[in-house]
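> Take a look and give me a structure for this.
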Amino acid sequence: MKVNVYSIEGNSLEQIELPRQFDEEVREEVIRRAVLSEQSRKYQPKGSFIRAGLQTTAEYRGRKEGYGSIKNKGISRLPREKFPRGRFGKVKRVPFAVKGRRAHPPRVEEVLVERINKKEFEKALRSAIAATGRKEIIAARGHVIGTVKEIPLVVESKFEEFEKTKNVLACLRALGLEADLSRAQRKKRVSGVRERRRGGTVRPKSVLIVVGDGSKVVKAARNLAGVDVKGVGELDVTSLAPGTHAGRLTLWSKRAIEELAKM
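As a prediction, this is how the structure comes out:
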């Protein structure tokens, strides 16, 4: 399968052969599993101090024959602080008491990472790359591709030398990506308890720019709304299929295509 390579002004320069990753079958269930596995690796392990809520003199003394029993004192028989001269303090230790222990605290031993086989992950990565070359999948994901020059979209390697955001934006407009960039400008208010958290809004994902490793354009393009920039070496399934949905609108540089063919 051959595609055109476009200049930074939007003109067709030459044709190149796409790597065999673009011929892979799109397996959405494998992509979904790989994305969930990558997301689970970012979870922060949680746990509690094993003696939390138990560092107190409180002790249950409700047995009738026991020394210093609370029975028949007119108060609830619960673990209470021990004071001098046989006096009782506040209820402690139990989960429903103030500063008591938690009933079911998070356990450090809990396994949070969803593991995936190496071959299965590689299959998902190839499948996600192939989905970036299918118009119907990209359109179904919500991207505006009516004015895009071509799918998949490849730009000359000179694009990687940009150091200014305005130059990157001008190139993206020349390639017909302005409509999708405008879509990412509109923030959406989230519902539920998330609305009260920081921001309370979500922004749609727009173009993913894939370049060769160590390119200057990474810093120039990362501030555009909805735009992500990745080197070929750090390409992951989550970037290609945000939210487990394959078919992200992707701009490849010629150098990135050449490096991808060697992988």
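> Now do the SS call for the most centrally placed residue in the chain.
Central residue check for the chain by Cα atoms, centre = their mean: the C-alpha nearest the mean position is that of residue 39, 5.5 Å away. Residue 39 falls in the helix class when you classify it by DSSP: H, G, I helix; E, B strand; the rest coil.
> Residue 238 versus that one, what's the distance?
7 Å (Cβ to Cβ, to the nearest Å). All C-beta spots, glycine's among them, are computed from the backbone N, C-alpha and C.
> Equivalent analysis for residue 228, please.
Residue 228 is 10 Å from residue 238, by Cβ to Cβ.
> Equivalent analysis for residue 217, please.
Applying Cβ to Cβ to residue 217 and residue 238 gives a distance of 21 Å.
> before we move on, the earlier item: who touches the residue nearest to the centre of the chain in this structure?
residue 238 (Cβ atoms under 8 Å, 6 or more residues apart in numbering).
> 10 Å - rerun?
Going by Cβ atoms under 10 Å, 6 or more residues apart in numbering, residue 39 touches 114, 238, 243-244.
> Select only the buried ones of the residues you listed in PyMOL?
The PyMOL command for the buried members of the contacts of residue 39 (criterion: 16 or more other Cβ atoms under 10 Å) is given here:
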select buried, resi 238+244
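> my guess is residue 251 is in a helix, correct?
No - counting by three-state DSSP, residue 251 is not found in a helix; it is strand.
> That one - how many residues pack around it?
25 (other Cβ atoms under 10 Å).
> So for residue 15, what's the nearest residue that isn't a sequence neighbour?
Nearest non-adjacent residue to residue 15, counting by Cβ to Cβ, 6 or more residues apart in numbering: residue 2, 4.8 Å away.
> again, but for residue 93
residue 79 (4.3 Å).
> Break this protein down into its domains, please.
What automatic domain parsing lists as the domains of the chain is 2-26+116-262, 44-111.
> Just name the most buried of those domains.
domain 2-26+116-262 (a mean of 17; mean count of other Cβ atoms under 10 Å).
> gap between the two ends of it?
17 Å (Cα to Cα, to the nearest Å).
> and what of stretch 235-245?
16 Å.
> Adding secondary structure, write the contacts of residue 39 out as CSV.
Below are the contacts of residue 39 laid out as CSV (three-state DSSP):
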residue, secondary structure
114, coil
238, helix
243, helix
244, helix
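> Please identify the one among the contacts of residue 39 that lies nearest to residue 260.
Nearest to residue 260 out of those is residue 238 (Cβ to Cβ; 17.7 Å).
> what sits up against stretch 106-121?
27, 30, 33-34, 36-48, 50, 123-124, 236-237.
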